[in-house]
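1. show me the folded form of this:
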Amino acid sequence: MSLEQEVELIRRFPIFSKIAPAKQKLLCFSSDRLTYAADRVIFKVGDRGDACYVVIEGQIEISVELPNGKGRLVIGTVGANDLIGEIAIFGDVPRTATATAKTKLEVLRISADLFRSVIRENPDAAIELIRILAVRLANTTAHLSRQSSPESS
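-> The predicted structure is shown next:
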């Protein structure tokens, strides 16, 4: 895929759609386009947050391990145009969940430094990131509430 095709692709993502075209090109040129087979782990809980991932195609399952080795809890699934891995970058904490390819997956891997630079220089991208995090928090809270309700026991 050419650089111009990648720039056109990145423009479809809400978080990058309003940044300057030159920064979009830099983002594409400086990022890695990766493919994962189904069931392949992208990162594990506790890993260092060195990058975030924008889903181009496919689905990713987000999960956490249950206490005392009682298995794992799937807390969500993300797909095309979604972003994962940014919490570890901006929270300066290890990965808070495990991300596993649920299907064949194509992602754009953006280094932590480059992603921070894009957010720092583009208020619209920062606002979109806050919106993404707010929606994710609301969805996770709702999911955990359903999991812990007496009917689910």
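2. just give me the residue closest to the centre of the protein.
-> Nearest to the geometric centre of the chain sits Ile84, at 1.0 Å (Cα atoms, centre = their mean).
3. mind listing the helices for the protein?
-> 3-10, 21-30, 86-91, 112-121, 123-148 (DSSP state H).
4. who does the residue lying closest to Phe115 once chain neighbours are set aside bridge with?
-> Nearest residue to Phe115 in three dimensions, chain neighbours excluded: Cys52, at 5.3 Å (Cβ to Cβ, 6 or more residues apart in numbering). Quick note: C-beta positions are derived from backbone N, CA and C, even for glycine. Counting by DSSP bridges, Cys52 forms beta bridges with Ile110.
5. for Cys52, the count of nearby residues, please.
-> Residues lying near Cys52 (other Cβ atoms under 10 Å) number 25.
6. and it, how far is that from Asp32?
-> 12 Å (Cβ to Cβ, to the nearest Å).
7. which residues are common contacts for the two?
-> Arg109 (Cβ atoms under 8 Å, 6 or more residues apart in numbering).
8. run a quick neighbour tally on Gln137.
-> Gln isn't right for residue 137; it's Leu. Neighbour count of Leu137, defined by other Cβ under 10 Å: 10.
9. give me the pLDDT value at it.
-> As predicted, Leu137 sits at a pLDDT of 85.
10. give me the low-pLDDT residue ranges for the protein?
-> 1, 149-153 (pLDDT under 70).
11. run a quick neighbour tally on the closest residue to Lys18 other than its chain neighbours.
-> Computed as Cβ to Cβ, 6+ apart, the closest residue to Lys18 that is not its neighbour in sequence is Asp124, at 4.1 Å. The local packing of Asp124 (other Cβ under 10 Å) involves 13 other residues.
12. please apply the same query to Ala138.
-> 10.
13. repeat that for the one 4 residues further on.
-> Burial measure for Ala142: 10 neighbouring residues, criterion other Cβ under 10 Å.
14. that one and Ser148, how far apart?
-> On the measure of Cβ to Cβ, Ala142 and Ser148 end up 11 Å apart.
15. just to revisit the earlier point, please identify the most buried of the helices of the chain.
-> helix 86-91 (a mean of 18; mean count of other Cβ atoms under 10 Å).
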